[in-house]
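quick one: sequence plus predicted model below, questions after.
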Amino acid sequence: QVQLIESGGGLVQAGGSLRLSCAASGRTFDNYDMGWFRQAPGKEREFVARVRWSGGSPNYADSVKGRFTVSRDSAKNTVYLQMNSLKPEDTAVYYCAVFVRDYSGSDYRFTGNYAYWGQGTQVTVSS
């Protein structure tokens, strides 16, 4: 059974840092880009970051650019999201997923192009 399991969330004060992990089990995703998304209460799930399987430049939402860093460790079959200078508006459940519909012209920010969603990890940033 293929699973993605997120961890590392928690409660942190504004300006603090957290590192989220997304561990894959059941198969490897070495040839797939991986994405991080988040969903705040009452809001739609939104794109946060994408890490490329090829090692090319990652992509970030404008709201996190310069504060968050996405990376992957293929040997551990794990993707990370380092979050610095956290703000209260970063409060959300964070999810990782596999960019399965990686075709020419497909939008890496669209949730419908991803699969194997994890259960999410809660990040709460207090002011």
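Structure received.

was I right to think residue 114 contacts residue 97?
Yes. If you go by C-beta atoms under 8 Å, residue 114 and residue 97 touch, sitting 3.7 Å apart. Where you see a C-beta, it was placed from the backbone N, CA and C, and this is true even at glycine.

which neighbours do these two share?
Residues within reach of residue 114 and of residue 97 at once, by C-beta atoms under 8 Å, 6 or more residues apart in numbering, are 35, 37.

these two: which is more packed in?
Applying other C-beta atoms under 10 Å to residue 114 and residue 97 shows that residue 114 carries more neighbours, namely 25 against 22.

so the more buried one versus residue 107, what's the distance?
Counting by C-beta to C-beta, to the nearest Å, the separation of residue 114 from residue 107 is 11 Å.

which residues touch residue 82?
Applying C-beta under 8 Å, 6+ apart, the residues near residue 82 are 17, 19, 68, 69, 70, 71.

leaving aside the residues next to it on the chain, what's closest to the fourth one?
Meaning residue 69. Spatial nearest neighbour of residue 69, excluding adjacent residues (C-beta to C-beta, 6 or more residues apart in numbering): residue 82 at 4.4 Å.

break down the chain into its strands, ranges please.
Ranges of strands within the chain are 3-7, 10-13, 18-25, 34-39, 46-51, 59-60, 68-73, 78-83, 92-99, 114-115, 121-126, based on DSSP state E.

can you redo those strands as CSV with mean pLDDT?
Below are these laid out as CSV (pLDDT from 0 to 100):
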stretch, mean pLDDT
strand 3-7, 95
strand 10-13, 98
strand 18-25, 95
strand 34-39, 97
strand 46-51, 97
strand 59-60, 97
strand 68-73, 96
strand 78-83, 97
strand 92-99, 97
strand 114-115, 96
strand 121-126, 98
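
looking at the sheet around the spatially most central residue of the chain, what are its partners?
Taking C-alpha atoms, centre = their mean, the centroid of the chain lies closest to residue 36, which sits 1.8 Å from it. Note on residue 36: beta-bridge partners by DSSP bridges are residue 49, residue 96.
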